[in-house]
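> need coordinates for the following:
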Amino acid sequence: MKQENAILTSRLKQREPAACQQLLSDYGPAVFRIVQRIVTQHEDAEEVYQDVFVKVMRSIDSYDTDQATLSTWISRIAYHEALNSVRGRKPQIVYMEDYNTEVSYAESDSADREQTLQQLEQAIDKLQPQEQAVITMFYYDDMSLADIAYVTGSQISTIGSQLSRIRKKLYQIIKTL
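Presented below is the predicted three-dimensional model:
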């Protein structure tokens, strides 16, 4: 995989059209997930998605393989482009009564699991855009804390703390649904 990324990066730096196509097919779905979690309007998300890849191509020469994988570097660009697009908009605020409640899991049948997944998706939609992005990167994109820290420009310990707070917040939101 590392060698494939090096080859793709080299081809992108040479501006090969086939490399651009491969970039979109390999990284497009993950980028759109990040963008869509932050930019909720579909049309706006599509525009930011395009901006991400324009920025990737413009700055591919400055990509440093020692700093991050290509995937993580692109995710960082997507995260910041999406945040920049929603700056200035009024955020949705979620109030919580009890912030220190422990989560307990029980065995459930598939109907209960489906309902729980739907509630989880509804709860994620009520989070702040940055919180949605962190949760999405960790659980949906299987990114490590180090990669998320790189993408968001945070410390690894900060991401760990954020994930803990976000999980508690999600639990409280689900309780109210």
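> C-alpha only now, for contacts and for neighbours.
OK.
> now stretch 114-126: average pLDDT?
In this model, stretch 114-126 has a mean pLDDT of 81.
> which of the residues in that stretch are classified as buried?
Applying a neighbour-count criterion of 16 or more other CA atoms under 10 Å, the buried positions in stretch 114-126 are 119-120, 123-126.
> do stretch 43-61 as well
Neighbour-count burial for stretch 43-61, with 16+ other CA under 10 Å as criterion, is recorded at 44-45, 48-53, 56, 60.
> of all those residues, which comes closest to Phe32?
If you rank the buried residues of stretch 43-61 by distance to Phe32 using CA to CA, Tyr49 comes first, at 6.0 Å.
> I'd say that closest one and Arg37 touch.
No - with contact defined as CA atoms under 8 Å, Tyr49 and Arg37 do not form a contacting pair (11.7 Å).
> can you give me the helices for this structure?
2-13, 17-38, 42-59, 70-86, 110-125, 129-135, 145-152, 156-176 (DSSP state H).
> a markdown table please, covering the buried residues of stretch 114-126 and showing distance to Ser75.
Conversion of the buried residues of stretch 114-126 to a markdown table gives the following (distance: CA to CA, whole Å):
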| residue | distance to Ser75 |
| --- | --- |
| Gln119 | 26 |
| Leu120 | 23 |
| Ala123 | 23 |
| Ile124 | 19 |
| Asp125 | 20 |
| Lys126 | 22 |
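> so which of these comes closest to Gln155?
Top of the list for closeness to Gln155, among those and by CA to CA, is Ile124 at 22.8 Å.
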